[in-house]
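>>> Build me a structure from this.
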Amino acid sequence: MSTQGLLAKGVPPQPLWLLYIKIAILVLSLVTLALGAWALSIFGGYAGGYGGPTGAGGLVIFTAIWSFIVYGGAAAIEIWAPHFFYRIGALVGYILHIIFWLSAWAWSASAASFWLSYTYAFGFYDSMWKREGQALGACAGLGALIWVLSIVHLVFFIRASLADPEGSGPAPGTAGQAELGQVKPEQQYPAQQTYPVQQTQ
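Predicted coordinates:
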């Protein structure tokens, strides 16, 4: 099997449900962006300079913005300018997206467990540590879901790209159309001989 399809230009033919996965990734990224911002606002600048809780929330915010750039940009190019869609660029963006979300949700889960264990160990049940742990725990859960959806999208994107090694396919819904009308099929002509046939006597 050749990897030529991953280096081709143009949107590979994909099932419609992959569009819904992209939309779900973007919506969940927006929610995690809000949760990450809320996690940062709980402590404010109080403990940020001392290695406090701003790290995991900040990475969640960065990764959510990366999601908007990669998946939003790819979707916009697929819809409005499919001839500018370079599959290798999208592949690199999708792989980095998966790595960033793995890091973000793992760090958020670790920070959430720290803050929640601190809360319950000392009996501070209504404190900023508990709210911080809850916000980062929600970021970790939603980030893990985004991570899984991103892996599913990547696998089916690779499969679709490998199945279409030529690339530069027509935009969805425009197959068989020219700029000003339908494409006329070529006529079949009889095969011509390149050299004249010698007559034998």
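
>>> Just the pLDDT for Met128.
Here, the pLDDT recorded for Met128 equals 78.

>>> secondary structure class for Glu166?
coil (DSSP: H, G, I helix; E, B strand; the rest coil).

>>> Could you pull out the buried residues of the strand or helix carrying Leu91?
Assessed by DSSP states H and E, Leu91 sits inside helix 87-122. For helix 87-122, the neighbour count (16 or more other CB atoms under 10 Å) marks 87, 90-91, 93-94, 97-98, 100-109, 111-112, 114-116, 119 as buried. In this view, the C-beta of every residue, glycine as well, is placed from N, C-alpha and C.

>>> Surely Pro15 is within a strand?
No. If the criterion is three-state DSSP, then Pro15 is coil and not within a strand.

>>> next one: the strand or helix carrying Ala144 to chain centre, how far?
Assigned by DSSP H and E, Ala144 belongs to helix 128-163. Chain-centre distance of helix 128-163: 10 Å, with CA atoms, centre = their mean, to the nearest Å.

>>> other SSEs contacting it?
The helices and strands touching helix 128-163, judged by 3 or more CB pairs under 8 Å, 6 or more residues apart in numbering; DSSP states H and E, are helix 4-7, helix 17-43, helix 54-67, helix 87-122.

>>> picking that back up, tell me the angle of the helix holding Leu91 relative to helix 54-67?
150 degrees (axes from the mean of the first three to the mean of the last three CA atoms, to 10 degrees).

>>> between helix 87-122 and helix 17-43, what angle do the directions make?
Going by the same axes, to 10 degrees, helix 87-122 makes 40 degrees with helix 17-43.

>>> tell me the average confidence for helix 87-122?
90.

>>> so how far is Trp38 from the residue nearest to Trp105 when sequence neighbours are not counted?
Spatial nearest neighbour of Trp105, chain neighbours left out: Gly143 (3.0 Å); criterion: CB to CB, 6 or more residues apart in numbering. Gly143 is 14 Å from Trp38, where distance means CB to CB, to the nearest Å.

>>> So for the two, which residue has more residues nearby?
Gly143 (31 against 17; other CB atoms under 10 Å).

>>> Can you list the buried residues in the lowest-mean-pLDDT helix or strand in the chain?
Ranking every helix and strand in the chain by mean pLDDT, DSSP states H and E puts helix 4-7 at the bottom, with a mean of 86. Neighbour-count burial for helix 4-7, counted by 16+ other CB under 10 Å, picks out 5-6.

>>> now swap in stretch 59-76 and tell me
59-61, 63-64, 66-67, 70-71, 74.

>>> so which of those comes closest to Ile23?
Ile23 has its nearest neighbour among the buried residues of stretch 59-76 in Tyr71, at 8.8 Å by CB to CB.

>>> May I have the residues that are in contact with the closest one?
22, 25-26, 29, 97 (CB atoms under 8 Å, 6 or more residues apart in numbering).

>>> Tell me who's in contact with Leu149.
21, 24-25, 28.

>>> so which of those residues is the most crowded?
In these, the most neighbours by other CB under 10 Å go to Ile25, 25 neighbours.

>>> what sits against that residue?
By CB under 8 Å, 6+ apart, the contact list for Ile25 reads 67, 71, 146, 149-150, 153.
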